[in-house]
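Engineer: Quick check, what structure comes out for this input:
(chains A and B)
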Protein chains: 2
Amino acid sequence: MEVKIIPIRGIPVPVKPGDDIAKLICEAAERQGTPLLDGDILVVSQKIVSKACGHIFRLSEVKPSEEAVKISRILEKSPELVEIILRETNRIVRLKNKHIICETKHGFVCANAGVDVSNVDGGLSAVTLPLDPDKEASKIRETVKKMKGVDIAVIISDTHGRAFRRGQVNVAIGVAGMKPLRDRRGERDLFGYILKFKFIAIVDEIASAAELVMGQADEGVPAAIIRGLRYERDESASIKDLVMSPEEDLFR
Amino acid sequence: MEVKIIPIRGIPVPVKPGDDIAKLICEAAERQGTPLLDGDILVVSQKIVSKACGHIFRLSEVKPSEEAVKISRILEKSPELVEIILRETNRIVRLKNKHIICETKHGFVCANAGVDVSNVDGGLSAVTLPLDPDKEASKIRETVKKMKGVDIAVIISDTHGRAFRRGQVNVAIGVAGMKPLRDRRGERDLFGYILKFKFIAIVDEIASAAELVMGQADEGVPAAIIRGLRYERDESASIKDLVMSPEEDLFR
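Structural biologist: Reported below is the predicted structural model:
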């Protein structure tokens, strides 16, 4: 039983606010001869979801707060960009090496609250994470179901740095239709040992697998299909299952 | 251009000290009709590598140090197991929730220094990480080249917890034949923005992708092939490229 990772090419980028990305993805997948099938997992880059949601702010129109100005001086970052980052932030974890490590309103700990800089539309803009990535994943899932009659799972992915290890990897920031963690407790491992703690963050592994084809093209490919992987359906899936409290976090 | 993740089933487990796992893997891959090909990436579970290396210690034969006894009382862990963990450890990062978070001799920060418990051989044993996982990856790569005449990359994978996110994922602890990081600096992203910082930990993403098929079987599958992914060859590849100093670590 092999698993396939299929890049979806030919999605018209840059995506514009209001674009129906579920439709754009379905059409591109069909044009390249790999239409979405029942049981597929569709991984979509956060970047196009945020853009379609209109979460884009022209920096020249942002009025930075006093705090943003203060932090911008420490980090040598534009005060307008810092202002956008702070608006997305629950709590500043650390200022380090020109980055603000933030806990976002969703509970994710990442650099610059996941805010990306864009210069697609002439003039520098900031693109922020979707307000509710699970809901955006659900909307894509529902649209695909309505348009094509297929039942898929959807993951919204973003690129994050990690503690302790160099290099970034893609992780899931939103999910619909599948359980985000696989509970392996009670199973035997390769040593015959019955596992006591093991939960696998399968949606993060899927996001990472998808990045292998999404990041490889010169301009990037904003979506990929994972095909042939059995997964546990979950109609009320939420990425909140992956948000860890400081108390249970072994590494904080 | 799609990428395939192919589990290699039928590798005779438990692997025994001295077993030639490159040979066992090649034979199993051929039996199932998916022999290794030029350009494949072979992902091998640390567990069988350590076992083949003979890094297995019967707990009843271990003499715990005073420090091990002291820590074992705090964590409600066996003093013999703590002793084995301490022997693998450069530096204890934290004691928390019955776990010792360690920096291993390789520089990896992980729970219990990557030591696994096994009860395959009657009586509880501890299995430790390979001393030099890059070297073990190279040995497998060389043996496959000699036996089958194919040039592959090899990744040794292990399951790690992370800071900030619930659930474990597979990461690379050893590599041979490919660059572990992909340098995306200078490329344009989906927003047309020229990337300034982006290094992708591609070997970790590959290890995670492989886990999707390795962890799915009841007893686990100890190896998988990633096929169809272009990668940058590197004859002197080392996982040390992923070990991050505290100074550059944004999250510490």
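
Engineer: So residue A:145, which state does it fall into?
Structural biologist: helix (DSSP: H, G, I helix; E, B strand; the rest coil).

Engineer: Let me know the pLDDT of it.
Structural biologist: We have a pLDDT of 98 for residue A:145.

Engineer: Contact partners for it?
Structural biologist: Contact analysis of residue A:145 by C-beta atoms under 8 Å, 6 or more residues apart in numbering or on different chains lists A:151-152. No exception for glycine: its C-beta is placed from N, CA and C like everyone else's.

Engineer: What residue, apart from its backbone neighbours, is nearest residue A:232 spatially?
Structural biologist: Leaving aside its chain neighbours, residue A:232 sits nearest to residue A:179 (4.2 Å; criterion: C-beta to C-beta, 6 or more residues apart in numbering or on different chains).

Engineer: Quickly note the distance from the one you found to residue A:41.
Structural biologist: Per C-beta to C-beta, to the nearest Å, residue A:179 is found 12 Å from residue A:41.

Engineer: same thing with residue A:102?
Structural biologist: Residue A:102 sits 28 Å away from residue A:41, going by C-beta to C-beta.

Engineer: More neighbours: which of those two?
Structural biologist: Per other C-beta atoms under 10 Å in any protein chain shown, whichever of residue A:102 and residue A:41 has more neighbours is residue A:41, with 28 against 23.

Engineer: Give me the phi and psi for the nearest residue to that one once chain neighbours are set aside.
Structural biologist: Using C-beta to C-beta, 6+ apart and skipping the chain neighbours, the partner closest in space to residue A:41 is residue A:226 (4.1 Å). Phi and psi for residue A:226, reported as degrees, to the nearest 10, are phi -100, psi 120.

Engineer: Tell me which residues touch residue A:226, please.
Structural biologist: By C-beta under 8 Å, 6+ apart, the contact set of residue A:226 is A:3-6, A:40-41, A:43, A:206, A:209-210, B:212.

Engineer: let's see 7 Å
Structural biologist: Neighbour list for residue A:226: A:3, A:5, A:40-41, A:43, A:206, A:209-210 [criterion: C-beta atoms under 7 Å, 6 or more residues apart in numbering or on different chains].

Engineer: Helices - which of the residues you listed land there?
Structural biologist: A:206, A:209-210 (DSSP state H).

Engineer: State the number of residues packed around residue A:223.
Structural biologist: 26.

Engineer: Over to residue A:31?
Structural biologist: Residues near residue A:31, counting by other C-beta under 10 Å, number 13.

Engineer: Quick check on it: phi, psi?
Structural biologist: For residue A:31, the backbone dihedrals are phi -60, psi -40 (criterion: degrees, to the nearest 10).

Engineer: again, but for residue A:2
Structural biologist: phi -100, psi 160.

Engineer: Contact partners for the closest residue to it other than its chain neighbours?
Structural biologist: In this structure, residue A:2 finds its nearest non-sequential neighbour in residue B:6, 4.6 Å apart by C-beta to C-beta, 6+ apart. The contact partners of residue B:6, taken as C-beta under 7 Å, 6+ apart, are A:2, B:34, B:224-225, B:227.

Engineer: Next one, pLDDT for residue B:6 please.
Structural biologist: At residue B:6, pLDDT is 98.

Engineer: and if you look at residue A:248?
Structural biologist: Looking at residue A:248, the pLDDT reads 87.

Engineer: got it, and residue A:215?
Structural biologist: Residue A:215 is given a pLDDT of 79.

Engineer: give me the number of residues near it?
Structural biologist: 22.

Engineer: Ok, residue A:172 next?
Structural biologist: Using other C-beta under 10 Å: residue A:172 sits among 27 other residues.

Engineer: for it, what are its contacts?
Structural biologist: When contacts are taken as C-beta under 7 Å, 6+ apart, residue A:172 is in contact with A:155-157, A:180, A:203-204, A:207, A:239.

Engineer: Just give me the closest of these to chain B.
Structural biologist: Nearest to chain B among the contacts of residue A:172: residue A:204, at 5.4 Å, using C-beta to the nearest C-beta.

Engineer: quick one: that closest one and residue A:175 touch, right?
Structural biologist: No. The pair residue A:204 and residue A:175 fails to qualify as a contact (C-beta atoms under 7 Å) at a distance of 10.1 Å.

Engineer: then the helix or strand that contains residue A:134 to PDB, C-alphas only?
Structural biologist: Counting by DSSP states H and E, the element that carries residue A:134 is helix A:133-148. Taking C-alpha atoms only, helix A:133-148 is exported to PDB below (Å, rounded to 0.1, in the frame of the first residue of the first chain):
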ATOM      1  CA  PRO A 133      -8.000  28.000   9.800                       C
ATOM      2  CA  ASP A 134     -10.200  25.000  10.800                       C
ATOM      3  CA  LYS A 135     -13.200  26.900   9.400                       C
ATOM      4  CA  GLU A 136     -11.300  27.700   6.200                       C
ATOM      5  CA  ALA A 137     -10.400  24.000   5.800                       C
ATOM      6  CA  SER A 138     -14.000  23.000   6.400                       C
ATOM      7  CA  LYS A 139     -15.200  25.500   3.800                       C
ATOM      8  CA  ILE A 140     -12.800  24.000   1.200                       C
ATOM      9  CA  ARG A 141     -13.900  20.500   2.100                       C
ATOM     10  CA  GLU A 142     -17.600  21.400   1.800                       C
ATOM     11  CA  THR A 143     -17.200  23.200  -1.500                       C
ATOM     12  CA  VAL A 144     -15.300  20.200  -2.900                       C
ATOM     13  CA  LYS A 145     -18.000  17.900  -1.700                       C
ATOM     14  CA  LYS A 146     -20.700  20.000  -3.300                       C
ATOM     15  CA  MET A 147     -18.900  20.500  -6.600                       C
ATOM     16  CA  LYS A 148     -17.500  17.100  -7.100                       C
END
